[in-house]
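Enquirer: need a structure here:
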Amino acid sequence: MASTRKPTYRPGTEPRPGTSRPGSGSDRVISAQRSIEPEDNSVAAPPPAATGKSANSTASPDNVIVFPEPKRRRQRRLVMWTLSIVAAVVAALIAGAVFSPALAVRTITVDGTTLLTPEAVQKALSGLEGKPLPQVGEQEINELLKPLVQVRSATMEARPPSELLVHVNERVPVALLKQGDSYVMVDVDGVQLGATKDQSAVALPLIDAGAGATNTELFKAIAAVLDTLPADVRAKMSTASAASPDAVELKLVDGKTVVWGNAEDRELKAKALEALLKMPADPKVQVKVYDVSVPRHPFTK
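Expert: Numbering: from 1, shown residues only. Below you'll find the model as predicted:
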């Protein structure tokens, strides 16, 4: 089938004005060309088979729409970065303080001592001098003070840049035990806290020799009673004895007797005895015995 397209004419190469081709009989030559396109006799090709993807999937990346990051997510990321930086700075400051020689212990101050002198405690803790304050702990202090039996426990207080304050909790002596020609002070656990040759120099009751051994039931019963008494009441006692753990008796310095009984209701008995001792004396009624064995019904005779 003949093509119905019209020929397309394209101008040939023309010489510049004022010039002519050699051998040409005319000043201008026009050439014509026909552009013949192949006839489209074939049947149109079917569309490519569907592959499960849309045509847009092959679109150029330049056509992709980028949405901005949500403001909340951007703020959260900024907060996390800020916290991380702050944590790193704080960690660096703490590490510098823990190991800084500027915070080394140079002064050890002691309070709470009665049986001991502050100098004795300071000597026991002398190994802490030069150590940074943040590295000093109460467990270490109590370990260093173990050789001092008078110390029950101790707490500490750091006072930067270089002072360590130690609060000592001493054991409380509750009685005297006769050992040879000396008198030994003991606490409720039977720990010996010191000795003296003059019994009157210490305002503590003397436990009779029958209960002198600190590992006996009699000593434990008597010591528990004396430990319950207020310090001012205990100071009025001369001796303490017990025929059995259920029959504890105390003697006052003025010769009067306190019938205590067993170890039950110790706190209530101590309050009843304190109240009886504070009662004004009646010159017509001479009191020789304070009986608090039944603390809710104490009496004198």
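
Enquirer: low pLDDT regions in the stretch 201-301 of the chain?
Expert: 209-212 (pLDDT under 70).

Enquirer: can you pull out the helices in it?
Expert: 217-228, 231-234, 266-277 (DSSP state H, counting those that start in this stretch).

Enquirer: and those helices as JSON lines, adding distance to residue 172 and mean neighbour count?
Expert: Using the backbone N, CA and C atoms, a C-beta is placed for each residue, glycine as well. Formatted as JSON lines, the helices of the stretch 201-301 of the chain follow (distance: least, Cβ to Cβ, whole Å; neighbours: other Cβ atoms under 10 Å):
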{"stretch": "helix 217-228", "distance to residue 172": "7", "mean neighbour count": "20"}
{"stretch": "helix 231-234", "distance to residue 172": "8", "mean neighbour count": "15"}
{"stretch": "helix 266-277", "distance to residue 172": "15", "mean neighbour count": "17"}
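
Enquirer: now those as CSV including distance to residue 249?
Expert: Shown next, in CSV, are the helices of the stretch 201-301 of the chain (distance: least, Cβ to Cβ, whole Å):
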stretch, distance to residue 249
helix 217-228, 9
helix 231-234, 15
helix 266-277, 12
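
Enquirer: which strand residues bridge residue 241?
Expert: With DSSP bridges applied, residue 241 shows beta-bridge pairing to residue 249.

Enquirer: hang on, it packs against residue 225?
Expert: No - applying Cβ atoms under 8 Å as the test, residue 241 and residue 225 come out as separate, 10.8 Å apart.

Enquirer: intersection of neighbour lists for these two?
Expert: residue 248 (Cβ atoms under 8 Å, 6 or more residues apart in numbering).

Enquirer: of all the helices of the stretch 201-301 of the chain, which one is nearest residue 191?
Expert: Proximity to residue 191 (Cβ to Cβ) singles out helix 217-228 among the helices of the stretch 201-301 of the chain, at 10.5 Å.

Enquirer: CA-only coordinates of the helix or strand residue 178 falls within in PDB, if you can.
Expert: Assigned by DSSP states H and E, residue 178 belongs to strand 175-179. Extracted in PDB, the C-alpha atoms of strand 175-179 (Å, rounded to 0.1, in the frame of the first residue of the first chain):
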ATOM      1  CA  ALA A 175      27.400  -3.000 136.200                       C
ATOM      2  CA  LEU A 176      30.700  -3.800 137.900                       C
ATOM      3  CA  LEU A 177      32.300  -7.200 138.300                       C
ATOM      4  CA  LYS A 178      34.800  -8.000 141.000                       C
ATOM      5  CA  GLN A 179      38.000  -9.400 139.600                       C
END
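
Enquirer: so which elements touch it?
Expert: Applying 3 or more Cβ pairs under 8 Å, 6 or more residues apart in numbering; DSSP states H and E, we find strand 175-179 packed against strand 182-186, strand 206-207, helix 217-228.

Enquirer: the closest residue to residue 245 other than its chain neighbours: what's it in contact with?
Expert: Computed as Cβ to Cβ, 6 or more residues apart in numbering, the closest residue to residue 245 that is not its neighbour in sequence is residue 221, at 4.0 Å. Residue 221 is in contact with 242, 245, 248, 262, 263, counting by Cβ under 8 Å, 6+ apart.

Enquirer: in JSON lines, list the residues you listed along with distance to residue 301 and neighbour count.
Expert: As requested, the contacts of residue 221 are exported to JSON lines (distance: Cβ to Cβ, whole Å; neighbours: other Cβ atoms under 10 Å):
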{"residue": "242", "distance to residue 301": "21", "neighbour count": "24"}
{"residue": "245", "distance to residue 301": "24", "neighbour count": "16"}
{"residue": "248", "distance to residue 301": "18", "neighbour count": "26"}
{"residue": "262", "distance to residue 301": "20", "neighbour count": "16"}
{"residue": "263", "distance to residue 301": "23", "neighbour count": "16"}
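
Enquirer: ok, so of these, who is nearest residue 255?
Expert: Nearest to residue 255 among the contacts of residue 221, with distances taken as Cβ to Cβ, is residue 248, at 17.9 Å.
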